[in-house]
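**Q** missing the sequence, but the structure's below:
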């Protein structure tokens, strides 16, 4: 490496919970540490200790470190220092912050994925409270929201975040980069209990199959699901093939910004230009038995527009939508809430199914109508959902026993 | 510091004497009862004032001279022109030019625009400030630059100190957006209109000398007047008393931060589930982005439930005005207008009425509005595991905020503090607050994005929420979570030198601030 001075991280008047580290490795003189920070009076010792510890981990004993800090937490500081170190020396070592026990959970293949919150992978401040807003999934993004030059430091930031930040039960998701770069991303995230990978701009089943294999090579402790995003005309043509590419695929998402660009048309609020693609995607996903997931709605201020958009998505058969701001989460969630009629029907079916099981009957029937197992499954899902949204009492059964 | 030190009822060690005056240590809430008569200013005689009622003099300097400005005097001012005030600093520029020393500045609040006064603290023109110290002034005081010891009081405590003679005002210099030559003054008209000027009420009543400074001299009588000319010695006309856009924020805005909105929503749900939001409730909340969001959430819930509250009080904003206009509040009592909607409403709606803190918060009043308020929303820099709150110092030990009405508001029926668990890595919930500004027995609920802690003293609220889906935690759990996320911060290091005293609403000393080690 020929670089002499490394710079990692962010600074600026609007930057919070982050820091910018400038590092120069010396031959002698120990660690010269300069800190500018709002929290200097309270955290100077902690910050200096963390910086020294990370440098020592990479066998650096002599260096100048200038740090501009805006209240970065330890795992964020560690990520920035490591990113700077790796610009100056070649090493495979990783300084891993403690993996907090709260994050050791796995998720179910068919869990609800109504809302998933996109967060830029190189902006730690936006991640801190993400899980508290109760999205079904939190996505740390390594792709479009990260400038090409910042990819290496974002990978380290995402890795540390997966380990040290409490996700409060949200499905832990990462959107990797396209193609080969995406495969490269895996080793930064698979060992750290990511629950689901979003693969952008997928155009072939083979890529997903390869992704699945590469993930297995890294021996994840829990299942890692895949949500391919289709963002091109070719991708839409191959939607079914992609949706049924491998076992790990649980959802199929559509990305309309890139799709409309690929068609060479404007994306409009009513979405006429992408109608066919959306129908096609829903049908392909349903045919493959995975969840169809809609694109994001990009005007954060326009709650009414978002509501219309989600209601339309739900009508088409979509089972979730991306969010670019926490404020969109409750709006989308409430649109996907089951209606009273849906809940009533689900209760009837579930009660009938339970009764059939008690009586040892192989077949569930409601009145004179036979109920297929998937319908029962869906009813149970609706009950789950109604419970999740507090729309149903715990002892609902007493109203439905025949 | 040679004075003997004593421990007060919240366990803080304070000097027995401050600025040469013997102090009463904080004894607990509602334990101190001063006796005797209220302070009385000297008897004026109308024959000493012009028969034609014209009290206008040619300049503020002349007025100050006529009032006998000299070393050691106490000069009071009010803060209704907020960060746009152009007069208050001028008083001290004049004092400096005239070589007057050792003044005590007794403002109802200070603002960043008062930064030039740091020079006068350093050169001894100002001996000390008894009021609030924001930003650069606070920094100067914490660094030990001020000769005397600063004294911080709440808005109500200021009225108390004036009435019981703890502070004797020699000259009150009161800016007025509108006044006549007799001195009848008001805040609702003129190029620098600020709505009301109620903070100046005790100053006008109790100061030895009163000067009104205006840039809008109108024909007698200026009605309705908030300050009556009968209390005024001199009137000064100047070109400009304030910068309008800095007096009132054109519009106050609800926070856009998703985290703060979440805290606001939790607060509104808390108020609903505990039934402290009820028909006829009196509500007070501030002008901060989170408070506004809470006000608006409460408004929407009340609309949905067809509920009507009674009084809305405090710094008035467009969101309180909206509640009045859309019928979720019956009356607004206004101590301070924060935005243009508030200024408009008070001049056109008879259910929106000026109501100075002198009448709402004063310890020597025969009852107060603050104890009638059902829902009180307040902020804090720090809250500790004993629910003690701090609003005057930052966690790094610097004196940076005034008390405002905060201490007075603690006497409301349910005091709720919606705060983030940490700000830029600095925990808000701590083991012990840097400076006790309010005792834990008066703080009922702390609402953070990571959970709600109810003071164990409020078993009634805990019982109400037995089956609630709200995220209830203990204050210790919240504190541990803050430490786990942020790491444990170092405590600031202080010298023994006391640089400021924090008064409780009754005039006793609840805590002191010491000089920081450099």
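**A** Nice, thanks for sending it over. Being a predicted model, the structure only gives us computed values, none of them experimental. Numbering: from 1, shown residues only, chains lettered A, B, ... in the order given.
**Q** Give me the helices and strands touching the host helix or strand of residue B:93, please.
**A** Counting by DSSP states H and E, the element that carries residue B:93 is helix B:88-97. Applying 3 or more CB pairs under 8 Å, 6 or more residues apart in numbering or on different chains; DSSP states H and E, one finds that helix B:88-97 makes contact with helix B:60-66, strand B:74-77, strand B:103-107, helix B:117-123, strand B:171-176. All C-beta atoms are positioned from the backbone trio N, CA, C, and that covers glycine.
**Q** Just the residues contacting it, thanks.
**A** B:60-61, B:64, B:69, B:75, B:77, B:103, B:105, B:107, B:113-114, B:116-117, B:120, B:123, B:125-126, B:173, B:175 (CB atoms under 8 Å, 6 or more residues apart in numbering or on different chains).
**Q** And stretch B:58-70, by the same measure?
**A** In contact with stretch B:58-70 (CB under 8 Å, 6+ apart) are residues B:57, B:87, B:90-91, B:94-95, B:98, B:100, B:170-171, B:173, B:208-209, B:211, B:213, B:233-234, B:236, B:238.
**Q** same check, this time on stretch B:304-312
**A** Outside stretch B:304-312, the residues touching it (CB under 8 Å, 6+ apart) are B:277-284, B:301-302, B:320, B:323-324, B:327-333, B:369, B:372-373.
**Q** one more time with 7 Å, if that's ok
**A** Identification of contacts with stretch B:304-312 by CB atoms under 7 Å, 6 or more residues apart in numbering or on different chains yields B:279-283, B:302, B:320, B:323-324, B:327-333.
**Q** cool, stretch A:199-207 as well?
**A** With CB under 7 Å, 6+ apart, stretch A:199-207 has contacts from A:143, A:175-176, A:178, A:182, A:208, A:211, A:226, A:228-232, A:234-235, A:238, A:241-242, A:245, A:255, A:258.
**Q** and it, average pLDDT?
**A** Average pLDDT, stretch A:199-207: 97.
**Q** before we move on, back to that, show me which of the contacts of stretch B:58-70 are buried.
**A** Burial by neighbour count, judged by 16 or more other CB atoms under 10 Å in any protein chain shown, picks out B:57, B:87, B:90-91, B:94-95, B:100, B:170-171, B:173, B:208-209, B:211, B:213, B:233-234, B:236 from the contacts of stretch B:58-70.
**Q** For the stretch 251-400 of chain A, which segments are assigned as strands?
**A** A:251-254, A:291-293, A:321-323, A:364-366, A:369-371 (DSSP state E, counting those that start in this stretch).
**Q** Name the nearest residue to residue 244, ignoring sequence neighbours.
**A** With no chain named, the answer covers chain A. In this structure, residue A:244 finds its nearest non-sequential neighbour in residue A:288, 3.9 Å apart by CB to CB, 6 or more residues apart in numbering or on different chains.
**Q** look at chain B instead
**A** Per CB to CB, 6+ apart, closest to residue B:244 is residue B:192, 6.0 Å.
**Q** Provide the count of other residues in contact range of the one you found.
**A** Here the number of neighbours of residue B:192 (other CB atoms under 10 Å in any protein chain shown) works out to 26.
**Q** and what of residue B:462?
**A** Residue B:462, neighbours per other CB under 10 Å, totals 15.
**Q** Please give me every residue in contact with residue A:212.
**A** A:226, A:246, A:248.
**Q** hmm, back to that, going by neighbour count, which of the contacts of helix B:88-97 are buried?
**A** Going by neighbour count (16+ other CB under 10 Å), the contacts of helix B:88-97 have B:60-61, B:64, B:69, B:75, B:77, B:103, B:105, B:107, B:113-114, B:117, B:120, B:125-126, B:173, B:175 buried.
**Q** thinking residue B:209 is in contact with residue B:232, fair?
**A** No: using CB atoms under 7 Å, residue B:209 makes no contact with residue B:232, being 9.3 Å away.
**Q** Quick check: neighbours shared by the two?
**A** Common neighbours of residue B:209 and residue B:232 (CB under 7 Å, 6+ apart) do not exist.
**Q** Run through the residues of chain A sitting next to chain B.
**A** Applying CB under 7 Å from any CB of the partner chain, we find that chain A lies next to chain B at A:16-17, A:38-39, A:41-43, A:45-46, A:70-71, A:73-74, A:129, A:132-133, A:325-327, A:390.
**Q** Out of the residues you listed, list just those in helices.
**A** Counted as lying in helices by DSSP state H, out of those, are A:41, A:42, A:43, A:45, A:46, A:74.
**Q** re the thing from before, for the contacts of stretch B:304-312, which one is nearest chain A?
**A** Lowest distance from chain A to the contacts of stretch B:304-312 (CB to the nearest CB) belongs to residue B:302, with 20.1 Å.
**Q** ok, back up a step: list the residues that contact the residue nearest to residue B:244.
**A** B:81, B:177, B:215, B:241, B:242, B:244, B:247.
**Q** can you redo these as JSON lines with distance to residue B:144?
**A** Putting the contacts of residue B:192 into JSON lines (distance: CB to CB, whole Å) gives the following:
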{"residue": "B:81", "distance to residue B:144": "30"}
{"residue": "B:177", "distance to residue B:144": "38"}
{"residue": "B:215", "distance to residue B:144": "38"}
{"residue": "B:241", "distance to residue B:144": "33"}
{"residue": "B:242", "distance to residue B:144": "32"}
{"residue": "B:244", "distance to residue B:144": "37"}
{"residue": "B:247", "distance to residue B:144": "33"}
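**Q** Now which of the residues of chain A next to chain B would you call buried?
**A** A:16-17, A:38-39, A:41-43, A:46, A:70-71, A:73-74, A:129, A:132-133, A:325-327.
**Q** For the contacts of residue B:192, name the two members farthest from one another.
**A** Farthest apart among the contacts of residue B:192 by CB to CB are B:215 and B:247. That separation is 12.0 Å.
**Q** Let's verify the spatially most central residue of chain A: helix, strand, or coil?
**A** The centre of chain A sits closest to residue A:139, judged by CA atoms, centre = their mean, with a distance of 2.2 Å. Here residue A:139 is strand, with the state taken from DSSP: H, G, I helix; E, B strand; the rest coil.
**Q** Who are the contact partners of the closest residue to it other than its chain neighbours?
**A** Nearest residue to residue A:139, sequence neighbours excluded (CB to CB, 6+ apart): residue A:173, at 4.3 Å. Contact analysis of residue A:173 by CB under 7 Å, 6+ apart lists A:116, A:137, A:138, A:139, A:195, A:196, A:198.
**Q** same deal with residue B:204?
**A** B:172, B:174, B:210, B:227, B:231.
**Q** Selection in ChimeraX covering whichever of those residues are buried, please.
**A** The ChimeraX selection below is limited to those of these classed as buried (16+ other CB under 10 Å):
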select /B:172,174,210,227,231
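**Q** so which of the contacts of residue B:204 would you say is closest to residue A:7?
**A** Among the contacts of residue B:204, and counting by CB to CB, the member closest to residue A:7 is residue B:174, at 54.6 Å.
**Q** Nearest spatial neighbour of that closest one, chain-adjacent residues omitted?
**A** residue B:200 (4.6 Å).
**Q** excluding its backbone neighbours, what's nearest the residue in chain A positioned nearest to chain B?
**A** Among the residues of chain A, residue A:71 lies closest to chain B, at 3.1 Å counting by CB to the nearest CB. Spatially, and ignoring its direct neighbours in sequence, residue A:71 is nearest to residue B:424 (3.1 Å; CB to CB, 6+ apart).
**Q** Tell me who's in contact with the one you found.
**A** A:16, A:17, A:38, A:39, A:70, A:71.
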